[in-house]
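In: Got a predicted structure plus its sequence, pasted below:
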Amino acid sequence: MEDRPGKLVVISGPSGVGKTTLLRRLLADLSSLVPSVSATTRPPRTGERDGVDYHFIPLDEFERRRAVGEFLECCQVYGRQHWYGTLVAEVAPRLAAGKWVVLEIDVEGTLSMLGRYPQAITIFVEPAHPDQLLERLKGRGTESPDAMARRLEVARRELHEAHRYKHRVVNENVETALAEIKGVLASEGFEDAAGGERQRHTPTATPPNVSRPTPTHAP
Ligand code: 5GP
């Protein structure tokens with residue numbers, strides 16, 4: 001057990017906003033930041049590995065583990081027919097060891113998790129303009145028009161909830177957004193272990209509304 005317990009960092013944002021790239025870059029740059037691997041009932045996609053991308057578990061196991069309180073939060077993510085959840089066992093031991101643990105979860109999961117960890121650092125990644133999501137989803141070329149329309153509907157709902165997050169970062173450009181997120185973490189007291197040096201991330205010249213703390217977590 002460390003003297004200083006770690007912190008929970010939650011990153012959310014609509015599909016197509018570029019969260020996954022940002023998170024990958026963040027984890028590569030900051031060695032003291034550790035990811036939490038979620039559990040899900042959805043089947044793995046090509047290239048996804050069990051225990052790395054997700055813990056892929058069947059619905060009956062998910063329900064059993066949910067009933068005995070193994071999840072910090074879990075929900076049937078809106079617009080998908082599958083369950084997703086954060087396991088207490090993924091998070092609690094790492095926090096106790098002084099790590100900063102990052103969750104990439106949806107808005108509903110974040111709000112229910114805040115009941116237990118109100119001090120979590122919540123970051124919402126949003127697009128610079130609404131068309132950005134459509135362009136990214138089209139660019140992926142993996143979605144049918146129907147699926148794309150569903151994702152955009154979900155995105156609209158999520159953007160509505162962005163004000164519930166403590167920090168908001170606009171992802172117009174990956175480098176700038178990454179610097180903004182590092183700036184948020186530094187402002188929350190994050191120190192990277194690499195070389196024992198504190199990471200200093202001065203927010204770059206971005207518009208003043210790019211990362212704006214919102215006053216409180218709404219209930
Ligand atoms: P995908 O199936 O594309 O990997 O993820 C779909 C959605 O599930 C994403 O919006 C992601 O944020 C959310 N998600 C992934 N893991 C969790 C989790 O543990 N809890 C919750 N609430 N949402 C999750």
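Out: Good, I have the coordinates. Numbering: from 1, shown residues only.
In: where does residue 121 fall, phi/psi-wise?
Out: In this entry, residue 121 is assigned phi and psi values of phi -90, psi 110 (degrees, to the nearest 10).
In: next one: residue 73
Out: phi -160, psi 150.
In: what's the burial count for it?
Out: By other C-beta atoms under 10 Å, the residues close to residue 73 number 25. All C-beta spots, glycine's among them, are computed from the backbone N, C-alpha and C.
In: who in the protein is up against the ligand?
Out: Residues of the chain lying near the ligand by C-beta under 6 Å from any ligand atom: 38, 42, 73, 75, 77, 84, 85, 86, 104, 105, 106, 109.
In: Between all of these, which two are separated the most?
Out: Greatest spacing in the residues of the chain next to the ligand, by C-beta to C-beta: 42 and 73 (16.8 Å).
In: Pick out the least confidently modelled helix or strand of this protein, by mean pLDDT.
Out: Using mean pLDDT, DSSP states H and E, helix 131-140 stands out as the lowest-scoring helix or strand of the chain, at a mean of 80.
In: who's in contact with the following helix or strand past that one?
Out: Remark: after helix 131-140, the chain's next helix or strand is helix 145-160, criterion DSSP states H and E. Residues from elsewhere that reach helix 145-160, judged by C-beta atoms under 8 Å, 6 or more residues apart in numbering: 12-17, 78-79, 106-107, 126, 133-134, 137-138, 143.
In: let's see 7 Å
Out: Residues outside helix 145-160 that contact it (C-beta atoms under 7 Å, 6 or more residues apart in numbering) are 14, 15, 16, 78, 79, 107, 126, 133, 134, 137, 143.
In: Return the entry from the residues you listed with the maximum number of neighbours.
Out: Top of these by neighbour count (other C-beta under 10 Å): residue 14, with 27 neighbours.
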